[in-house]
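[1] Need coordinates for the below:
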Amino acid sequence: MVASPIRPLPSLPAELRANLPAELRGLRRDGVRLMVIDRTAQSIRHARLAELGSFLRAGDLLVVNRSRTIPAAVAARRSNGEIVQLRLCVRHAEEWHVLCVNPDPPHANVALRVGERLSVAGTDTVVRGRRADLPLLWRIDALSEGIERMLRSGEPIRYSYVPEPVPLSHYETVYANEPGSAETPSAGRSLSWELLLDLRRQGIDLSDILLHTGLSSLQDDAVDAEHPLFEEWFAVPPNAAQAVNRVPRVIAVGTTVVRALETAAGHDGHARAMEGWTRLRLGPGSPLRVVDGLLTGFHEPQASHFDLLRAFLAEPLLDRAYREAIAERYLWHEFGDLCLIL
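    Predicted structure coming up:
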């Protein structure tokens, strides 16, 4: 018998794109909704994130990303006086790779000129050219005191479904301590200290890795649909690798944690202490050597994060969960609801 083809996934209704964090919608951070997908039982349940402990067990390890979100969008003045917005994507020691867009929604891409000088946050930088593999990204000289300048002068990257600015504190996780992410590692944004302490009392451990995120969108639908891949800096410290190797079940908080841990995983199924750049792409059929479960936000099918979900879920169950999330009116993106895959 020939299997029935998977139906095309429906478009996400605009009203399901969360435009404010839970705490500005009258909820606690951990008051967002939680879809729980059990791969063994092929079941989908509905709860609140505050009930996370009901679906975990003593001995589980939650691994979080301690990268702190920086205000990675900064105004730049061109030599002709035009103001553009630079969005930091990849930060190397000598040069940065940035997206240049119009400062006003819908933030259309702006072409720069090789060799032109830009005034950014009280200092100058020079455009060195396009990035060869991702021409929408521009190579510029690294800003002196770069992160400090961004913290003083930048603003959080904001897409059109968030119509008004939201304070940077709402993009931060409660445990973030090393600035570097262009966009928030959003799966952990809704975890509160109260919830984490409750989980600890249940015998659920917590460990952390580092992965500085780049941009989730290059503001071009055709390019985004190709799921372009760029390098992201990560570090799995020795204590995190040891914790992962000694527990029966590892739950990654976010796709960034999955990428970091699976980059550091050997073929023997053990994590190793490691740091560097990762370009790991995960998708259907990708082996998961150390990660057993995932707490994640809701991603649209054109997002690279959605491809990674296919490493965890067979297409029929992923299709079912996506359609049920829309039917049940779950909210999406960095300020939205969450999904737990076990």
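
[2] what's the burial count for residue 338?
    Residue crowding around residue 338 was assessed by other C-beta atoms under 10 Å; the count is 28. Yep, even glycine has a C-beta here, placed from its N, CA and C like the rest.

[3] Any idea what it is bridged to?
    With DSSP bridges applied, residue 338 shows beta-bridge pairing to residue 34, residue 297.

[4] residue contacts, it?
    32, 33, 34, 35, 49, 187, 190, 295, 296, 297, 298 (C-beta atoms under 8 Å, 6 or more residues apart in numbering).

[5] In TSV: those, plus distance to residue 267 and neighbour count.
    Below are the contacts of residue 338 laid out as TSV (distance: C-beta to C-beta, whole Å; neighbours: other C-beta atoms under 10 Å):
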residue	distance to residue 267	neighbour count
32	37	24
33	38	21
34	33	22
35	32	19
49	35	22
187	27	26
190	34	31
295	26	27
296	25	24
297	30	27
298	32	27
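
[6] now, which of these sits nearest residue 316?
    Residue 316 lies nearest to residue 35 out of those, by C-beta to C-beta, at 16.2 Å.

[7] Which positions in the helix or strand in which residue 242 is found come out as buried?
    Residue 242 is part of helix 238-246 when elements are defined by DSSP states H and E. Within helix 238-246, the residues that count as buried by 16 or more other C-beta atoms under 10 Å are 240, 241, 243, 244, 245.

[8] Out of these, which is nearest to residue 163?
    Nearest to residue 163 among the buried residues of helix 238-246 is residue 240, at 38.0 Å by C-beta to C-beta.

[9] what helix or strand is residue 316 on?
    helix 315-327.

[10] Just the helices from this structure, written as ranges.
    Using DSSP state H, the helices of the chain run over 146-153, 193-201, 221-225, 238-246, 255-263, 304-309, 315-327.

[11] Would you mark the buried spots in the second one?
    In this case it means helix 193-201. Within helix 193-201, the residues that count as buried by 16+ other C-beta under 10 Å are 195, 196, 199.

[12] Give me the distance between the two termini of stretch 33-43.
    End-to-end distance for stretch 33-43: 17 Å, by C-alpha to C-alpha, to the nearest Å.

[13] So for that stretch, mean pLDDT?
    Averaged across stretch 33-43, pLDDT comes to 98.

[14] buried residues in it?
    Of the residues in stretch 33-43, 33, 34, 35, 36, 37 count as buried by neighbour count, 16+ other C-beta under 10 Å.
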